[in-house]
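A.B. asks: I'll drop the sequence and a predicted model, then ask my questions.
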2 protein chains.
Amino acid sequence: MDIFVSLDLNDAQVRRLRVIAGLDTVHVAGFPESGEQIAPEFLRSEIAFGNPPPEWLANAPKLRWVQLESTGFGEYASIDWPATADRPIFTNLADFFAEAVAETCLAGVLALYRGIDQCVRLQNNGEWLGDMLRPRLRTLAGAKVVLFGFGSINRRLAELLQPFDCEITSFCSRWSADELDNALINADIVVCATPDTPGTRKTFGIERLKCLSSSAVFVNVGRGSVVDEAALSRLLAEGKIGGALVDVTEDEPLPSGHPFWEVPNLILTQHTGGGSEDEQDRKVDMFGANLERFRARHPLVGIVGLDRGY
Amino acid sequence: MDIFVSLDLNDAQVRRLRVIAGLDTVHVAGFPESGEQIAPEFLRSEIAFGNPPPEWLANAPKLRWVQLESTGFGEYASIDWPATADRPIFTNLADFFAEAVAETCLAGVLALYRGIDQCVRLQNNGEWLGDMLRPRLRTLAGAKVVLFGFGSINRRLAELLQPFDCEITSFCSRWSADELDNALINADIVVCATPDTPGTRKTFGIERLKCLSSSAVFVNVGRGSVVDEAALSRLLAEGKIGGALVDVTEDEPLPSGHPFWEVPNLILTQHTGGGSEDEQDRKVDMFGANLERFRARHPLVGIVGLDRGY
């Protein structure tokens, strides 16, 4: 078998992958981008590990399985498959990033509550405000938290919040607009951790964001499309929302000139929420375990429904 | 009775204090500093609420009780009392700041682990690194944490760390140097939350700091004197310690030119760890409750031993 590998691995990780692959051929392809000409090795491969350009997939006759290196797969949902094609199985890294992303959520919220972002900026300027900062700080204990989406990230976040004795309200895929709006009115913190689906897109438009109080913190670690970014920026700039942690945006990298760069009390974590020093090692482990299942014709872990959207 | 009030209160808080004081006279004195001439109202007062200049105290004949607005009282330990003086009782705000300071500890550690400080700096520069940041990030789950001092702050921090399943080792007032050094060698995180006493001063000198690994995070939220600041700065600059959260320093405000302003991977929170928007309201509440005890000749809450140091 041929395995086409298109994720960023160091030499040791590639060596380990070759050991895992055994007699199968591993093609290490770097990081091909959309618009690049389809690699000949891709056309020969039964398996792809990484996130290849979506338009390559409909034209790869031998491809049987794609192990994505992400949880999200929105870019693969609209592939124009030939009518006669045997579509490959797609697996993603569901749950893989939950610990890291939940920790980034808590890190960002606590940073806003305890003034870490302000202190970093002051330190950059060599400026000491000290006591003057104290009345701007808050404690998280007892806060009212709305979790929008209750997959592995927000479930883990709820665990991390337990010692803070927060009042948590969570919304899963079947949510009512009235219930959500009512919860937002009293919320101190809202955390969106949802995939990009027609049902989540622009859930947080201007009217819904206006439910939030001027001290509320809005967190988005799911997909950028869930929120109207212009509306969020405006309400932050006007002080009508207290703060925001934004890990994901509609366009990444965030274009220069986008209001998120300048807006006050917004922490932009540049889609690093799922990152950790052992991330790529763990991806190789995951792939190896799924490859064993694939060879043994056992069900793969993390199979996604491209049409369902998660 | 006369009550001398020298802490920063807004008009509403002063009004509430006057209600609490009833027929007693409240002197609102602003924020007198060391070296200022002793206020005549102070000489008439039986009670002081706030932290008056230490040198005033030995010369206040009527003073019977000082309610400090801090937990620390090192500046009052070396007052040169007249041999014949009836020393006033001192009460402090022990435990009052535990929630806020423990949250600042966790905020700072998570900021360093999840790259919040780096992201704030990048955002300031309009720079997107995204994926390149991910291998620099860590997760807190399972970390080895050494708590130096196990008063209300570190006890609360231990609670906040419970969902992270950290391996926690704590050291109270009777600690052995060997045990501490051994714990430091394997530590991911060290949190100092101790008062300034002869027994804690310079506990973390260059030799002990060298026990830490190049990925370890050093946290000080107790008093600046516990650590050799020059040594900590040097080891951070040389990459021999991974990061630091410093809330307290030997000189505050931190002098310009101090290495803490520039050293990499150090977050300086400017002695705001105990701060919160409701801090002064809660101080007035605490004082009111102790004032009732004082009038009823019941034992006051938070009596400190000036000689013992905590």
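C.D. replies: Good, I have the coordinates.

A.B. asks: contacts, neighbours, all on C-alpha from now
C.D. replies: Will do.

A.B. asks: which non-adjacent residue is nearest A:Lys283?
C.D. replies: A:Glu69 (7.0 Å; CA to CA, 6 or more residues apart in numbering or on different chains).

A.B. asks: can you tell me which residues contact the one you found?
C.D. replies: Going by CA atoms under 8 Å, 6 or more residues apart in numbering or on different chains, A:Glu69 touches A:7, A:49-51, A:92-93, A:283.

A.B. asks: In a markdown table, list the residues you listed along with secondary structure, pLDDT and distance to A:Ala29.
C.D. replies: Formatted as a markdown table, the contacts of A:Glu69 follow (DSSP: H, G, I helix; E, B strand; the rest coil; pLDDT from 0 to 100; distance: CA to CA, whole Å):
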| residue | secondary structure | pLDDT | distance to A:Ala29 |
| --- | --- | --- | --- |
| A:Leu7 | coil | 94 | 8 |
| A:Phe49 | strand | 97 | 10 |
| A:Gly50 | strand | 97 | 10 |
| A:Asn51 | coil | 95 | 11 |
| A:Asn92 | coil | 95 | 19 |
| A:Leu93 | coil | 95 | 20 |
| A:Lys283 | helix | 97 | 16 |
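
A.B. asks: chain center to whichever helix or strand A:Gly288 is part of: distance?
C.D. replies: Taking DSSP states H and E as the definition, A:Gly288 sits inside helix A:279-295. Its chain's average C-alpha position is 20 Å from that of helix A:279-295, according to CA atoms, centre = their mean, to the nearest Å.

A.B. asks: packing partners for that helix?
C.D. replies: Contacting helix A:279-295 under the criterion 3 or more CA pairs under 8 Å, 6 or more residues apart in numbering or on different chains; DSSP states H and E are the following elements: helix A:11-21.

A.B. asks: what does the helix it packs on rub up against?
C.D. replies: Helix A:11-21 has contacts (CA under 8 Å, 6+ apart) with A:25-26, A:28, A:280-281, A:284, A:288.

A.B. asks: Buried ones among the residues you listed?
C.D. replies: Buried members of these, counted by 16 or more other CA atoms under 10 Å in any protein chain shown: A:26, A:28, A:280-281, A:284, A:288.

A.B. asks: what sits against A:Ala230?
C.D. replies: Residues counted as contacts of A:Ala230 (CA under 8 Å, 6+ apart) are A:Pro259.

A.B. asks: where does it land in three-state SS?
C.D. replies: Here A:Ala230 is recorded as helix under DSSP: H, G, I helix; E, B strand; the rest coil.

A.B. asks: That one and A:Gly242, how far apart?
C.D. replies: Distance, A:Ala230 to A:Gly242, by CA to CA, to the nearest Å: 16 Å.

A.B. asks: Flag every buried residue along the helix or strand hosting A:Glu41.
C.D. replies: Using DSSP H and E, the element containing A:Glu41 is helix A:40-44. Residues A:42-44 are the ones in helix A:40-44 that count as buried (16+ other CA under 10 Å).

A.B. asks: Let me know the average pLDDT across that helix.
C.D. replies: For helix A:40-44, mean pLDDT is 95.

A.B. asks: Dump it to PDB, keeping only the CA atoms.
C.D. replies: C-alpha atoms of helix A:40-44 as PDB (Å, rounded to 0.1, in the frame of the first residue of the first chain):
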ATOM      1  CA  PRO A  40       1.600  11.800  -8.600                       C
ATOM      2  CA  GLU A  41       2.200   9.900  -5.300                       C
ATOM      3  CA  PHE A  42      -1.300  11.000  -4.200                       C
ATOM      4  CA  LEU A  43      -2.800   9.300  -7.200                       C
ATOM      5  CA  ARG A  44      -1.000   6.100  -6.300                       C
END
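
A.B. asks: ok now it, how far from the chain's centre?
C.D. replies: 29 Å.

A.B. asks: Mind checking what secondary structure A:Glu69 has?
C.D. replies: Following three-state DSSP, the label given to A:Glu69 is coil.

A.B. asks: can you give me the helices for the stretch 1-150 of chain A?
C.D. replies: Applying DSSP state H, counting those that start in this stretch to the stretch 1-150 of chain A gives helices spanning A:11-21, A:40-44, A:54-57, A:98-114, A:116-124.

A.B. asks: Export the ones you listed as TSV, with columns for distance to B:Ser214.
C.D. replies: Converted to TSV, those look like this (distance: least, CA to CA, whole Å):
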stretch	distance to B:Ser214
helix A:11-21	22
helix A:40-44	42
helix A:54-57	41
helix A:98-114	21
helix A:116-124	22
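
A.B. asks: With respect to burial, which of those helices scores highest?
C.D. replies: The highest mean neighbour count among the helices of the stretch 1-150 of chain A, using mean count of other CA atoms under 10 Å in any protein chain shown, belongs to helix A:98-114: a mean of 26.

A.B. asks: Since that was my last question, I'll sign off now.
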